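**Student:** A structural model of the following input is requested.
(one chain, ligands or ions: 1)
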Amino acid sequence: MKPEEILKEAYDPERFRQAGHRLVDELADHLATTLKGEGPAVLPWQTPEQAYERVQKLADTDAETVFSATLAHSIRLHHPHCAGHQITPTAPVAALAGLLSDMVNNGMGVYEVGLLGTAFERHVVKTVAQQFGMDDQADGILTSGGTLGNLTALLAARRAKSDMKSLEQSSSNPFSVMVSDQAHYCIDRAARVMGWGNQGVIQVPTNHRFQLDTEALARSLELARQAGRKVIAVVGNAGSTATGSFDDLNGIADFCERENLWFHVDGAHGAAVAFSNKHRHLVSGIERADSAVVDFHKLLLTPALATALIFRDGREAYRTFAQKAEYLWSDQESQAWYELARRTFECTKTMYGLKIFSILAEHGVAIFEANIDCLHERADQFATLVSQSSDFQLLLPPQTNIVCFRFIGSPQDRVPEHARNELNQSIRTELTQQGSFYIVQTNLQQTTWLRTTISNSMTTPDDLQQLLEKIRNLASTQIQQSKLKTEEAEVLSDKDERLLDRTGDELAEEDPAGG
Ligand SMILES: Cc1ncc(COP(=O)(O)O)c(C=O)c1O
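**Tutor:** As a prediction, this is how the structure comes out:
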């Protein structure tokens, strides 16, 4: 085919219409069965090599085959047995918005290639700021994930609290940020990206509920200063990654005000509770933060990635990225809200706002509250189930939808402490490979915990009861197998001892060939 013909075929509207209808039908069928937990298992486990081999074979097929294979061989977040990492089963309307965004492909870097997308973003950002309890001064951006949102906030902190007043300056000051030992690794990564080195993050100890010990802040600051560090910010966790623990944000805000430090809230996971009347109290104090992030792709039904970064004083975002880019903007000093790339890392970016706005337009803000309340309730129910089961141990009552627990064996047949980590790790490996449930694990103070993030409102208490039963069965098989292995090893070592006891003549008689 001639180049023109190849391209004409690719853009053929009828071809698109038919393929689109087929795909939407397939997705709707997928949704219908998956939400009920019917059809294939939640995790169609395959090794990376198998996945790669499959993809190589798909290269010679067509898009329809590729789409079907993707559905068949991907983890199913809409399945009620999916409770692993912090990622939401998308609201179908947001997935449709994703298709629309991908087709119109508005680049968003400057207003002309954003238009409505830019306005959607503003609306969403203002809605979040309002939910956080901030006033009209607050403003921000949507960006590519909590990791980038946190880095952007720390860049703003550095500009505001140091001698580095723009991206065009450099500084040799050893800056640091204080954060609990439960912070997501992206805070440490952000500090290193900014060149702050090993001491860029000062870890503040946590209490028995894995919340930052606000009493320890002063001492940590003093030690950091004695070590020659210039501390510029404190990051509070609004939902730590491992356990979903919420720091005392008001306590941190008080401290930051006293010490003139930037206060950032990493609410990537849990700041979503600001949408719930019942659970908003968990982020009380977020309205005092200089900056805060929340991921819409964790608890708020939006396809990844979609993160809001809010500044209490919206002007901070412009100041952070103050830099010359004449080929994009004519007026370098202006703070026009609609020139988004002045405030973000990204130049071209996707229409995040459209996906979130579509959910709001279709279902109203109440859907976020409904999702949060439902998931929190389910997590509480699961925690109760675990604590009522004498062969399981609950790490702590959940504050959000994250529940950590482990199998310890029945009171009559306790698994010895030294064997529990390995047992729980192998339970989780086996679960993953069998694929009937998806959960993850975490290590805290040298202890392995099974970890669920109950992200799907379709997950019922009965599903969670089944999960415990499944773990029990796996544990019993694993224990049986390891007993057999131990017995075999004992038999073998007995045999070795008997062999050692015998004389060379006796052995030679049994095996004259000396084999
Ligand atoms: C508390 C916290 N902060 C930041 C992140 C990183 O967010 P993202 O995966 O959107 O980059 C996570 C992800 O799990 C998180 O739990």
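
**Student:** I figured Ser426 was touching Gln478, is that so?
**Tutor:** Yes. Using C-beta atoms under 8 Å, Ser426 is in contact with Gln478, at 5.5 Å. Just so you know, the C-beta spots here come from the backbone N, C-alpha and C atoms, and that holds for glycine as well.

**Student:** okay, those two: which has more neighbours?
**Tutor:** Each of Ser426 and Gln478 had its neighbours counted (other C-beta atoms under 10 Å), and the higher figure belongs to Gln478 (20 against 16).

**Student:** Now name the helix or strand holding Trp196.
**Tutor:** Trp196 is part of no helix or strand when elements are defined by DSSP states H and E.

**Student:** brain fart, Ile367
**Tutor:** helix 366-388.

**Student:** Show me the contact partners of that helix.
**Tutor:** Residues outside helix 366-388 that contact it (C-beta atoms under 8 Å, 6 or more residues apart in numbering) are 88, 91, 272-273, 275-279, 299-301, 359, 392-394, 397-398, 400-403, 405, 452, 454-455, 457, 459-461, 464-465, 468.

**Student:** Strands - which of those residues land there?
**Tutor:** 392-394, 402-403, 405, 452 (DSSP state E).

**Student:** Adding distance to Asp290 and pLDDT, write those residues out as a markdown table.
**Tutor:** Supplementary listing: the ones in strands among the contacts of helix 366-388 in a markdown table, determined by distance: C-beta to C-beta, whole Å; pLDDT from 0 to 100:
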| residue | distance to Asp290 | pLDDT |
| --- | --- | --- |
| Phe392 | 41 | 98 |
| Gln393 | 39 | 98 |
| Leu394 | 36 | 98 |
| Ile402 | 26 | 98 |
| Val403 | 32 | 98 |
| Phe405 | 36 | 98 |
| Thr452 | 33 | 98 |
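
**Student:** Show me which of the residues you listed is closest to the ligand.
**Tutor:** Nearest to the ligand among the ones in strands among the contacts of helix 366-388: Ile402, at 9.2 Å, using C-beta to the nearest ligand atom.

**Student:** what's around that closest one, how many residues?
**Tutor:** 26.

**Student:** In contact with it, which residues are there?
**Tutor:** 86, 239, 242-244, 269, 379, 451-454.

**Student:** So for Gly197, what's the nearest residue that isn't a sequence neighbour?
**Tutor:** Spatially, and ignoring its direct neighbours in sequence, Gly197 is nearest to Pro174 (7.1 Å; C-beta to C-beta, 6 or more residues apart in numbering).

**Student:** Please name the residues that touch that neighbour.
**Tutor:** Contacts of Pro174 were listed using C-beta under 8 Å, 6+ apart, and they are 196-197, 199, 228-230.

**Student:** Those: which ones sit near the ligand?
**Tutor:** By C-beta under 6 Å from any ligand atom, no member of these lies near the ligand.

**Student:** Share the number of residues neighbouring Thr432, please.
**Tutor:** By other C-beta under 10 Å, neighbour count at Thr432 equals 16.

**Student:** List only buried entries from the ones in strands among the contacts of helix 366-388.
**Tutor:** 392-394, 402-403, 405, 452 (16 or more other C-beta atoms under 10 Å).

**Student:** Include distance to the ligand when you put the residues you listed into CSV, please.
**Tutor:** Below are those laid out as CSV (distance: C-beta to the nearest ligand atom, whole Å):
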residue, distance to the ligand
Phe392, 24
Gln393, 23
Leu394, 21
Ile402, 9
Val403, 15
Phe405, 19
Thr452, 14
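
**Student:** Kindly supply the PyMOL command isolating those of the contacts of Pro174 that are buried.
**Tutor:** Restricted to buried positions by 16+ other C-beta under 10 Å, the PyMOL selection for those reads:
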select buried, resi 196+229+230
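
**Student:** Find the residue closest to the residue of the chain found nearest the ligand in space, skipping its chain neighbours.
**Tutor:** Nearest to the ligand in the chain, going by C-beta to the nearest ligand atom, is Gly146, at a distance of 2.7 Å. Once flanking residues are discounted, Gly146 sits nearest to Ala268: 3.1 Å by C-beta to C-beta, 6+ apart.

**Student:** And that neighbour, how close does it get to Ala190?
**Tutor:** 12 Å (C-beta to C-beta, to the nearest Å).

**Student:** ok, the two, which is more surrounded?
**Tutor:** Ala268 (27 against 24).

**Student:** what residue is smack in the middle of the chain?
**Tutor:** The centre of the chain sits closest to Gln86, judged by C-alpha atoms, centre = their mean, with a distance of 4.2 Å.

**Student:** Next up, the contacts around that residue.
**Tutor:** 241, 269, 295, 298-299, 402, 453, 455.

**Student:** go on, Ala272?
**Tutor:** Residues near Ala272 by C-beta under 8 Å, 6+ apart: 294-296, 298-300, 368, 372.

**Student:** Closest to Glu64 out of the residues you listed?
**Tutor:** Phe296 (30.2 Å; C-beta to C-beta).

**Student:** any idea how far the closest one lies from Ser144?
**Tutor:** From Phe296 over to Ser144 (counting by C-beta to C-beta), the distance is 12 Å.

**Student:** Which one's more surrounded, those two?
**Tutor:** Phe296 (25 against 17).

**Student:** and the more buried one, what is it in contact with?
**Tutor:** 88, 272, 302, 306-308, 352, 355-356.

**Student:** repeat for Asn401
**Tutor:** Here Asn401 is in contact with 244, 299, 375-376, 378-379, 453-455 (C-beta under 8 Å, 6+ apart).

**Student:** how does it look with 10 Å?
**Tutor:** 83, 86, 239, 244, 269-270, 272-273, 298-299, 371-372, 374-380, 382, 452-456, 459 (C-beta atoms under 10 Å, 6 or more residues apart in numbering).

**Student:** Quick check on those residues: which are buried?
**Tutor:** Buried, going by 16+ other C-beta under 10 Å: 83, 86, 239, 244, 269-270, 272-273, 298-299, 371-372, 374-376, 378-380, 382, 452-456, 459, out of the contacts of Asn401.

**Student:** Tell me where the stretch 151-300 of the chain has helices.
**Tutor:** Using DSSP state H, counting those that start in this stretch, the helices of the stretch 151-300 of the chain run over residues 185-193, 217-226, 249-259, 296-299.

**Student:** Just name whatever secondary elements the longest one is in contact with.
**Tutor:** Looking back up the chat, that one is helix 249-259. With contacts defined as 3 or more C-beta pairs under 10 Å, 6 or more residues apart in numbering; DSSP states H and E, helix 249-259 has these neighbours: strand 175-180, helix 217-226, strand 230-237, strand 262-266.

**Student:** Do I have it right that Phe255 meets Ala218?
**Tutor:** Yes. The criterion here is C-beta atoms under 10 Å, and Phe255 meets it with Ala218 at 7.4 Å.

**Student:** more crowded one of those two?
**Tutor:** Applying other C-beta under 10 Å to Phe255 and Ala218 shows that Phe255 carries more neighbours, namely 20 against 12.

**Student:** Which strands and helices lie in contact with the lengthiest helix in the chain?
**Tutor:** In the chain, assigned by DSSP state H, the helix with the most residues is helix 461-501. Taking 3+ C-beta pairs under 10 Å, 6+ apart as contact, the helices and strands that helix 461-501 lies on are helix 366-388, strand 392-394, strand 402-407, helix 417-434, strand 447-453.

**Student:** which other residues reach the helix or strand just after the fourth one?
**Tutor:** Translated: helix 417-434. Next along the chain after helix 417-434, taking DSSP H and E as the criterion, comes strand 440-444. Contacts with strand 440-444, where a contact means C-beta under 10 Å, 6+ apart, come from 83-86, 182, 210, 241-243, 395, 402, 404, 406, 421, 424-425, 427-429, 431-432, 448-453.

**Student:** try 8 Å
**Tutor:** Contacts for strand 440-444 (C-beta under 8 Å, 6+ apart): 84-85, 210, 242-243, 395, 404, 424-425, 428, 448-453.

**Student:** What residues of that strand count as buried?
**Tutor:** Those buried within strand 440-444 under the rule 16+ other C-beta under 10 Å are 440-441.

**Student:** Likewise for stretch 401-420?
**Tutor:** In stretch 401-420, counting by 16+ other C-beta under 10 Å, buried: 401-409, 415, 420.
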